[in-house]
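Participant: with the input below, show me the fold.
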Amino acid sequence: MHIAIVGNIGAGKTTLTEKLAKHLNFEPQYEAVENNPYLEDFYSDMKRWAFNLQIFFLNSRFRHIVDLQNREINMIQDRTIYEDAYIFAENLYDMGLMSARDFENYSDIFQSIIHYIKPPDLLVYLRASVPTLVNNIQKRGRDYESGIRLDYLSKLNEKYEKWIGNYKEGKLLVLDKDNLDFANNQEDLGTIIQKIETELFGLF
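Facilitator: Sure thing, here's the model as predicted:
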């Protein structure tokens, strides 16, 4: 069984992944942010490092998910390979931070590899407004995230809404993060768990 948690930077994916994994006794799979050698450079000079960053993410996430699917475990994944292409790379291209040549090359690579992996059994989308995202980003205080621009977060949100609106790969659950505090409120977490179990197992 494969659940994937998706959403913008600061939406609460890692926190929800952690709590759901504990409750369902699934294996949590986190995004390898700290090990990305391009991340800090990217936030200081997006145009120069955009392609390098996205190729690193695409390669590492592809290798990771293939390995996990071969192991056939019950898992909860923090962010997916789909977001790399449909959200982040496309947004960088739209903002003029990735050239048409680089974006075309990236997209070709993505289309070549996507057929080798299975989509998640359930995709959980954490929908969050920019103020909620900013608040969460400031709370966790990562140095390399301090320079993230509001227009960047806003454009990512637009990409997420477009992608989720057209998502046909499998089951989808949309959660409104602005009105849910699953990090501190057990009732909110319980509501989410109930919705997920209903989607996966048909429980009421």
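Participant: any idea how far Arg101 is from the residue lying closest to Asp102 once chain neighbours are set aside?
Facilitator: Nearest residue to Asp102 in three dimensions, chain neighbours excluded: Phe51, at 4.2 Å (C-beta to C-beta, 6 or more residues apart in numbering). Any C-beta I mention is one placed from the backbone N, CA and C, and that applies to glycine too. Phe51 sits at a distance of 9 Å from Arg101 (criterion: C-beta to C-beta, to the nearest Å).
Participant: which of these two has more neighbours?
Facilitator: Phe51 (22 against 9; other C-beta atoms under 10 Å).
Participant: element containing the more buried one?
Facilitator: If you go by DSSP states H and E, Phe51 is part of helix 46-71.
Participant: so which other helices or strands are in contact with that helix?
Facilitator: helix 39-44, strand 75-78, helix 81-83, helix 90-94, helix 100-113 (3 or more C-beta pairs under 8 Å, 6 or more residues apart in numbering; DSSP states H and E).
Participant: where does the spatially most central residue of the chain land on pLDDT?
Facilitator: The centroid of the chain falls nearest to Arg79 when counting by C-alpha atoms, centre = their mean (2.9 Å). Among the per-residue scores, Arg79 holds a pLDDT of 91.
Participant: need phi/psi at Tyr30.
Facilitator: phi -100, psi 150 (degrees, to the nearest 10).
Participant: for Tyr93, the count of nearby residues, please.
Facilitator: Neighbour tally, Tyr93, other C-beta under 10 Å: 20.
Participant: for Asn36, see how far away it is.
Facilitator: From Tyr93 to Asn36 the distance is 20 Å (C-beta to C-beta).
Participant: give me the low-pLDDT residue ranges for this structure?
Facilitator: Across the chain, the ranges flagged by pLDDT under 70 are 32-34, 203-204.
Participant: circling back to that earlier point, any chance of TSV for the helices and strands packed on helix 46-71, columns distance to Ile193?
Facilitator: Converted to TSV, the helices and strands packed on helix 46-71 look like this (distance: least, C-beta to C-beta, whole Å):
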stretch	distance to Ile193
helix 39-44	32
strand 75-78	12
helix 81-83	23
helix 90-94	31
helix 100-113	33
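Participant: these: which one's closest to Val130?
Facilitator: Nearest to Val130 among these is helix 90-94 (14.2 Å), distances taken as C-beta to C-beta.
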